[in-house]
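Trainee: no sequence on this one, just coordinates:
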DNA sequence: TGGACGGTTCGGCGCCGGCCGAAGTGTTCC
DNA sequence: GGAACACTTCGGCCGGCGCCGAACCGTCCA
């Protein structure tokens, strides 16, 4: 089973899927730099292994991570790997952008994610264990969080910061809200995100301390 | 990095080390059914990869898991694997014993571990998020738990039950206490454990509901 | 000071699996 | 209907890696 993630090409594909979107087979082939036939075989194995789910539509085959648990497993494993410094100016810039803030499947990670978590902790919305407190639930509902969703939040080990951050339903909700309100913006098509000026204002308006440096 | 766990021999070795003890190179070779030279190479790679730590003593080389995080990663990955039914009566018996109750590195897992967790939840010792509550802390201290230890408990995804159970300092403390008081006993030299009759009495004496079936 | 023993290093064997290109299937668009 | 396109299947190549046995190095014990 671990063999599924052992291959560098498959790992690259899963890593790309961590942006939470569904990719087409061709896109993954381009991204991974291998032939379409190779990707096809890999995808079949990953789907059979339960790591990915597929969704066929016309002549396209869309694949996505099978769920948040897969994303969390991936980031947890990445936290193990040897911290290889990126080679080249361009790679270093990309790496720095990712470390600053990024999406992790459906929630925020990187320094931005950690800042959000610690801010929520200061506000008393979540406990030190990343459980949502009762006042925190009220606070979230005011923002539009549906209490019918699973109340249980989840910790997700941050790949760059090596610190847990907020995942689960609440993490996904806040990330979506940040996007909707234009508080964060993707850098190109990557997973990296930046806090916009509106985002900084919103950050303060929520009462969150310590606006993260841009 | 994931390649370290991809090989079945290395996986078997790590799996054996999940009992929390330090094994010698020879024992692992016997267990895995490969030559000593092969094990030696595997161990070197696993140690370099940070999954294992070694401790040389005389002509022996003891290896153990590098920490609880490794154990949790292993069980989390095992929870993914296809539930292969064991082949043969003997294998089925072993599997059943493991599912009933076992140690997971330094804490309890299996149905016994899950029963413990839910019992602690009913008592209000831990929250639904497996965080230790304030009354829970008092409760644990009465049993001899050192509050100086990290208060943060950890969730560990149970391999057989697919449900999180109590790991971390509190989980390790309770498991050690159960052993000391003779409430649980290892079956042979395996990770599987059984609740003794003293254990059943103790279970009730603690006020835990639902004594797990023997 | 031998011999037994645990562990390591090295050379070589064999298999597994990732990769590609070519041919084939189904879909969409003109 | 035909052409372009996304994807799949198949055969074959090749590199990597797990495995072993043999030789070697230290440690422990008589």
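Mentor: Right, received. Where do you want to start? What you are looking at is a predicted structure, and each value in this text was computed from that prediction instead of being measured.

Trainee: separation between residue A:33 and chain B?
Mentor: According to C-beta to the nearest C-beta, to the nearest Å, residue A:33 and chain B sit 19 Å apart. For every residue, glycine as well, the C-beta is placed using N, CA and C.

Trainee: now do residue A:173
Mentor: Where chain B is concerned, residue A:173 sits at a distance of 17 Å (C-beta to the nearest C-beta).

Trainee: any idea how far whatever residue of chain A ends up closest to DNA strand C lies from residue A:24?
Mentor: For chain A, the residue closest to DNA strand C is residue A:58, as judged by C-beta to the nearest atom of the strand, at 2.8 Å. For residue A:58, the distance to residue A:24 equals 11 Å [C-beta to C-beta, to the nearest Å].

Trainee: next one: residue A:123
Mentor: Relative to residue A:24, and taking C-beta to C-beta, residue A:123 is found at 41 Å.

Trainee: okay, residue A:58 and residue A:24: which has more neighbours?
Mentor: residue A:24 (15 against 5; other C-beta atoms under 10 Å in any protein chain shown).

Trainee: what pLDDT does the model give the spatially closest residue to residue A:130 that is not a sequence neighbour?
Mentor: Using C-beta to C-beta, 6 or more residues apart in numbering or on different chains and skipping the chain neighbours, the partner closest in space to residue A:130 is residue A:155 (4.7 Å). With respect to pLDDT, residue A:155 scores 72.

Trainee: quick one: contacts for residue A:155?
Mentor: Neighbouring residues of residue A:155 by C-beta atoms under 8 Å, 6 or more residues apart in numbering or on different chains: A:129, A:130, A:164, A:165, A:166, A:167, B:155.

Trainee: beta partners for it?
Mentor: Beta-bridge partners recorded for residue A:155 (DSSP bridges): residue A:166.

Trainee: residue A:89 versus that one, what's the distance?
Mentor: With C-beta to C-beta as the criterion, residue A:155 and residue A:89 are 34 Å apart.

Trainee: one more: residue A:181?
Mentor: Counting by C-beta to C-beta - residue A:181 and residue A:89 are separated by 33 Å.

Trainee: which is the next helix or strand following whatever helix or strand residue A:90 lives in?
Mentor: Taking DSSP states H and E as the criterion, residue A:90 maps to helix A:89-100. For helix A:89-100, the following helix or strand on the C-terminal side (DSSP H and E) is strand A:102-104.

Trainee: got the phi and psi for the residue of chain A closest to DNA strand C?
Mentor: When read as degrees, to the nearest 10, the backbone of residue A:58 gives phi 60, psi -130.

Trainee: around chain B, which positions in chain A sit nearby?
Mentor: Proximity of chain A to chain B, by C-beta under 8 Å from any C-beta of the partner chain, involves residues A:1-3, A:5-7, A:11, A:49-51, A:73, A:76-77, A:80-82, A:127-131, A:151-153, A:155.

Trainee: state the distance from the spatially most central residue of chain A to residue B:64.
Mentor: For chain A, the residue sitting closest to the mean C-alpha position, by C-alpha atoms, centre = their mean, is residue A:104 at 0.7 Å. Computed as C-beta to C-beta, the residue A:104 to residue B:64 distance reads 31 Å.

Trainee: tell me the angle of the helix or strand of chain A with the lowest mean pLDDT relative to strand B:153-157?
Mentor: Across the helices and strands of chain A, the lowest-confidence element by mean pLDDT, DSSP states H and E is strand A:153-157, at a mean of 71. Angle, strand A:153-157 to strand B:153-157, by axes from the mean of the first three to the mean of the last three C-alpha atoms, to 10 degrees: 90 degrees.

Trainee: okay, helices next: where are they in chain A?
Mentor: Along chain A, the segments classed as helices by DSSP state H run A:3-6, A:8-17, A:25-32, A:36-48, A:68-78, A:89-100, A:110-123, A:134-142, A:168-180, A:197-205.

Trainee: just want the angle from the longest one to helix A:197-205.
Mentor: Helix A:110-123 and helix A:197-205 meet at an angle of 20 degrees, taking the same axes, to 10 degrees as the criterion.

Trainee: for chain A, what are the low-confidence residue spans?
Mentor: Scanning chain A for pLDDT under 70 picks out A:81-87, A:149-153, A:213-214.

Trainee: give me every residue in chain A lying close to DNA strand C.
Mentor: A:3, A:7-10, A:33-35, A:37-38, A:41-42, A:58-59 (C-beta under 7 Å from any atom of the strand).
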